[in-house]
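1. Prediction below, plus the sequence it came from.
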Amino acid sequence: MSDATTFDVVVVGGGVIGSAVAYHAAKRGLSVGLFDKGPLAGGSSGAALGFRTLSNFFPLEVALKNEQRFIQFAEETGEDIELDTGGRINVAESEDDLGYLQESVAGLQAKGVDIRMLDRAEMREREPNLSPAVIGAAWTSIGGNAMPIKLTYGLARAARRVGARIFTDTPVTGIDVAGDRVRGIEAGGRKFASGWVVNAAGAWSSEIGKLAGIDVPVVPRKGQLLLLDSPRRIVRHSLSSWHKPGPQPSGGTNIRPTPYGQILCGSSSEYVGFDVAATEENARDVARRCAEFVPALRGLRITRSWAGLRPRSVDGNFIIGRAAALDNFLIATGHDFTGITHSLITGDLIAELMAEGRTSVSIESFSPRRFAGDSGSKVMTPGESDIGAAECFGGLQRRRDQ
Amino acid sequence: MSSQADLVIVGGGPAGLAAAIAASQAGIAAVVLDDNEQPGGQIFRQPPRGFSIDQAAGIGDDRVRGRRLLDEAVRAGVAVRNGVVVWDAKLGALSCCQGEEAWTLHYRTLILATGAYELPVPFPGWTLPGVFTSGGVQSLLKAQRIVAGKRVLLAGTGPLNLVVANQLADAGAEVLAVLELSKPSALDLLPMLAGPWELLAQGIGYVGRLARRRIPIMRGWTIVEARGDEEVRSAVIARVDEEWRPIAGSERMLDVDTVCLGFGLLPSTELSRLIGIEHRYAPELGGWIPVCDEYCETKLPGVFVAGDGAGIAGSLVALEEGRVAGLRAAMRLGRIDAKQFSAQAAPSLGRLHSLGRFRAVLDRISRPRPGLYERITSETVLCRCEEVTAGEVRRELEDGATSLIELKARLRVGMGLCQGRMCHPTLIELLARGTGQRTEDVRPFSQRPPVKPIPVSALLAREEAA
């Protein structure tokens, strides 16, 4: 390895997004330096469930091809990312949610998506331990899981094999700005010149933005997980609650069996700054909701609980693209709880933007420039409340219409 | 359900009980929590590493000494709550679980007296049935009256193996030898003459009893392999150099049916790490240990550490540290003033001073040397829960892994039910060697609650009760 201090691309953030950017950029022949203040996957990517769902951020034809990206990555690189393409079950927690679930399923079916409501017998057959009290569930063959930490390391390794350099435990402390361009960064007490700087710092992307004088309206949303030891195979598929858009009291009810006799349960949702302490209250809340779906979980043991910080943008939408005032400072953040699903596509599109000056899929609606006050871009939203986030922003930023 | 206490002590071993007794004498009814089912914690079953361990001079049976401590605790009105797992610790509150019950216990002052567990040191064949830890064998003997085998070899370092060898011989086992890694020189032993005489006598006592039984203590030898199909049948032993590296060509084979491994103890720092106490690396005291002042108080106000959990030092040290911590907590709670503290703690502080000198010698002799981890072959299993071999770990290191979290992500090491207790020390050593880092620069696994697995039902029962 050379001791290069000049890169085509500097990526700030060694999570799943930053690693995907590094991999795709290096694959396109760009010289890449990836920097993180801690280890890889040390933030949100180390505390994610690993769900891969049908994206509602991209047009359906793009979203439907997303699965193929993961299969292709695993095949191309030989990296084991615990890829599961076994489909998913969505569960309604309330009558309200059930109505919305039925409506969503009908809408997707009309567009040809393989998804359908399950009747009682099918629910029992697919998921024998699902509570009889569950009022409705839908099955889709689309999506599944990938192990977030393995995915991050797999991407970083694959990036390294095509020439990227990875700097862990190397905090970026400065960004060199001249006029409307960035010229490089300062990290770990050294200067690195760079043609592009990509801010993929997740929940910390606001801090990194400030180093370049750019406002990145993202706050950390804390989500806590539980890991249960499950010697018996109590749950077969990834299960998650399906909510009507609007305020939600929790971070959703999600259950994922791992291939190793364990079950992941999530998640809580709090805006408490950068505090990642796992709390008993959150653990209980997550356990209670998950046990309502699958009562047999009560008989298991909790071996671990931890929390991560999801990067939540002020309007709930991604922030992907060129910074308003700096042409070669790119932002790739705001993925909230959908980072695994959107990791490869984000990395690919950012790399495309750098290598070719445009993207094959429109990212206009994710543009950071929408916050500059001049955009008429459509704001798309994931199915979750941003009440807390709006409070965090002190009501200064605009809030999504409920 | 939550409750409140002026002083909570986690651990009902010598340090915890001594702390509770001292606090009680100062007028504070401490809540003592211990996860064992029997009162008295580990005192009968888990002797620490120093000569200070197990049997005080003239008593000859730690059971008697433990009984005395327990009786004293009863007289002082100390109640130990057994079977309680403390699974999370924050400043001001502990999360507790007992069977199907869970609750939060709020405290004003806290003494962590969590003790230690045995250092696992892998080598080829160490996972064969018939290979035990010496502490485990002693526990079987003492708690269950079970003799682990008929032809027994002990290997490792430190006095625990000498104690267990005598106990096994008492119980009728044929003890072939005690292999001791270190070769203390006469010069090393000289400062002992200034140490507590009873400890020296006790140490010589163990050695003398082994000599009378014609059980050899083979200094500068260790086990390099355990062999057998279904269970251990033989042991390959070898001479080691000053750095504990096996010397090629010196190997010999012994027919055995049992191997006891005693390589020292590791402090249980799960709770001290969770609560946020600063830790420092002290290999001679068992690795990462909580930082505290001479009165056992950490930088967190009102939070104390005492006994082996604060650095491996043995039960005599634990008793005195526990007493100091108990008195200091009483002072923090305003039950005694600084003058009373000084007067009451003085004898313990004096004894700690003289024990400290003695310990420094043992520390020097038993300090882990690099050769300890060089018997590990590619096929040796490191992570027993997930059955990961050293070869797999080394391959990841060659492939560029630089951190424990990466090894964990790639190989699942440390992901099993033991929560990394078994593989953690070895992984840190292999990672340090593989990446050219110092051992103390390797970032340990993050500590997460629960520090021991707890039932989902207990967590939920609490909510239903509330």
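-> Yes, it's here.
2. tell me the centre residue of the chain?
-> Answering for chain A, as no chain was given. A:Gly339 (1.2 Å; C-alpha atoms, centre = their mean).
3. think we crossed wires, I meant chain B
-> Centre of chain B computed as the mean C-alpha position; nearest residue by C-alpha atoms, centre = their mean is B:Ala116, 2.5 Å away.
4. Tell me the backbone dihedrals of it, please.
-> phi -150, psi 170 (degrees, to the nearest 10).
5. Can you give me the pLDDT of it?
-> Here, the pLDDT recorded for B:Ala116 equals 92.
6. Tell me the bridge partners for it.
-> Beta-bridge partners recorded for B:Ala116 (DSSP bridges): B:Pro267.
7. That one and chain A, how far apart?
-> Computed as C-beta to the nearest C-beta, to the nearest Å, the B:Ala116 to chain A distance reads 22 Å. All C-beta atoms are positioned from the backbone trio N, CA, C, and that covers glycine.
8. Let me see the contact set for that residue.
-> By C-beta atoms under 8 Å, 6 or more residues apart in numbering or on different chains, B:Ala116 lies in contact with B:46, B:48, B:265-268, B:286, B:308-309, B:312.
9. Those residues of the stretch 151-300 of chain A touching chain B, which are they?
-> Residues of the stretch 151-300 of chain A lying close to chain B by C-beta under 8 Å from any C-beta of the partner chain are A:152-153, A:157, A:160, A:168, A:228-229, A:260, A:262, A:277-278, A:280, A:283-284, A:287-288, A:291, A:297-300.
10. Of those residues, grab the buried ones for PyMOL.
-> For the buried members of these, the matching PyMOL selection, counting by 16 or more other C-beta atoms under 10 Å in any protein chain shown, is:
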select buried, chain A and resi 152+153+157+160+168+228+229+262+278+280+283+284+287+288+291+297+298+300
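11. Please, where are all the helices along the stretch 301-450 of chain B?
-> B:315-332, B:338-366, B:390-398, B:404-411, B:424-435 (DSSP state H, counting those that start in this stretch).
12. my bad, should have said the stretch 51-200 of chain A
-> Using DSSP H, counting those that start in this stretch, helices in the stretch 51-200 of chain A cover A:60-64, A:66-77, A:95-110, A:120-126, A:148-161.
13. Could you do the stretch 1-150 of chain B as well?
-> Counting by DSSP H, counting those that start in this stretch, the stretch 1-150 of chain B has helices at residues B:14-25, B:62-75, B:134-139.
14. In terms of pLDDT, where does residue 390 sit?
-> Just so you know, I chose chain A. pLDDT, A:Ala390: 37.
15. I was thinking of chain B, sorry if that wasn't clear
-> We have a pLDDT of 95 for B:Ala390.
16. how near is it to A:Asp8?
-> Taking C-beta to C-beta, to the nearest Å as the measure, B:Ala390 falls 39 Å from A:Asp8.
17. and residue 231, what is it in contact with?
-> As the question left the chain open, I've gone with chain A. A:Gly261.
18. wait, chain B
-> B:128-130, B:257.
19. how far away is it from B:Gly149?
-> 10 Å.
20. pLDDT score for the nearest residue to B:Pro455 once chain neighbours are set aside?
-> In space, and not counting its chain neighbours, B:Pro455 is closest to A:Arg301: 5.6 Å by C-beta to C-beta, 6 or more residues apart in numbering or on different chains. Note on A:Arg301: pLDDT of 94.
21. returning to what we had before: between B:Ala390 and A:Asp8, which one's more packed in?
-> Taking neighbours as other C-beta atoms under 10 Å in any protein chain shown, B:Ala390 and A:Asp8 compare with B:Ala390 leading, 22 against 17.
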